[in-house]
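[1] from the sequence below, what's the structure:
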Amino acid sequence: MKLSEILSEIKARVLTGEEKIDELEFDYVAASDLMSEVLAIARPSMVLITGLTTPQVVRTAEVVGIQAVVVVRKDFLPSETIDMAKACGIVLAVTKMTMFEACGRLYNRKLKPIWSA
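    The predicted model follows:
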């Protein structure tokens with residue numbers, strides 16, 4: 001599914017990397033607030049959904065090759081996190097939805113959980 005469709009489905013607002021949202025496609029979604037878990041479960045073609053707002057989220061995404069991160073339950077993020085996402089070329093978005101609702105909507109749209117990989 002195109003990233004633009006994913007972001008539309010969960011009513012997310014793009015903070016960085018808007019120029020990439022029509023070209024990136026994803027098959028998997030993972031949700032976690034534990035970056036150590038993200039390091040262990042990351043897959044190619046995966047969008048990360050998290051509630052964390054720190055630059056560490058972007059660092060973790062960069063290390064494992066995640067190209068898009070959506071932060072739930074938020075309107076805005078710290079400038080340090082946004083700046084790091086810009087520097088790393090990672091699409092960063094926010095949505096006011098809960099993690100549960102965002103994941104449910106994407107699962108209904110046939111994105112796969114990483115455990116089915």
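[2] for this protein, which element, helix or strand, carries the lowest mean pLDDT?
    Taking mean pLDDT, DSSP states H and E as the measure, the chain has strand 112-113 as its least confident helix or strand, at a mean of 80.
[3] leaving out chain neighbours, which residue sits closest to the residue most central in space within the chain?
    Compute the mean C-alpha point of the chain, and by C-alpha atoms, centre = their mean the closest residue is Val69, 2.2 Å away. By the measure of C-beta to C-beta, 6 or more residues apart in numbering, the closest residue to Val69 outside its immediate chain neighbours is Leu48, 4.8 Å from it. Heads up, the C-betas are built off the backbone N, CA and C, glycines and all.
[4] thought the one you found was touching Ile66?
    Yes. With contact defined as C-beta atoms under 8 Å, Leu48 counts as touching Ile66 (5.1 Å).
[5] touching both of the two, which residues are there?
    Listed as contacting both Leu48 and Ile66 by C-beta atoms under 8 Å, 6 or more residues apart in numbering are Val38.
[6] can you give me the strands in this protein?
    For the chain, applying DSSP state E gives strands covering 13-16, 28-31, 46-50, 68-71, 91-94, 112-113.
[7] give the contact list for the nearest residue to Lys112 once chain neighbours are set aside.
    Nearest residue to Lys112, sequence neighbours excluded (C-beta to C-beta, 6+ apart): Tyr28, at 5.2 Å. For Tyr28, the contact set (C-beta under 8 Å, 6+ apart) comprises 43, 45-47, 111-114, 117.
[8] which stretches in the chain count as helices?
    Taking DSSP state H, the helices of the chain run over residues 3-9, 35-41, 55-64, 79-88, 99-108.
[9] follow-up on the earlier one: list the strands paired with the least confident helix or strand of the chain, with their directions.
    Sheet neighbours of strand 112-113, with direction, are listed as strand 28-31 (parallel) (DSSP bridges).
[10] please compute how far the partner strand lies from its chain's middle.
    8 Å (C-alpha atoms, centre = their mean, to the nearest Å).
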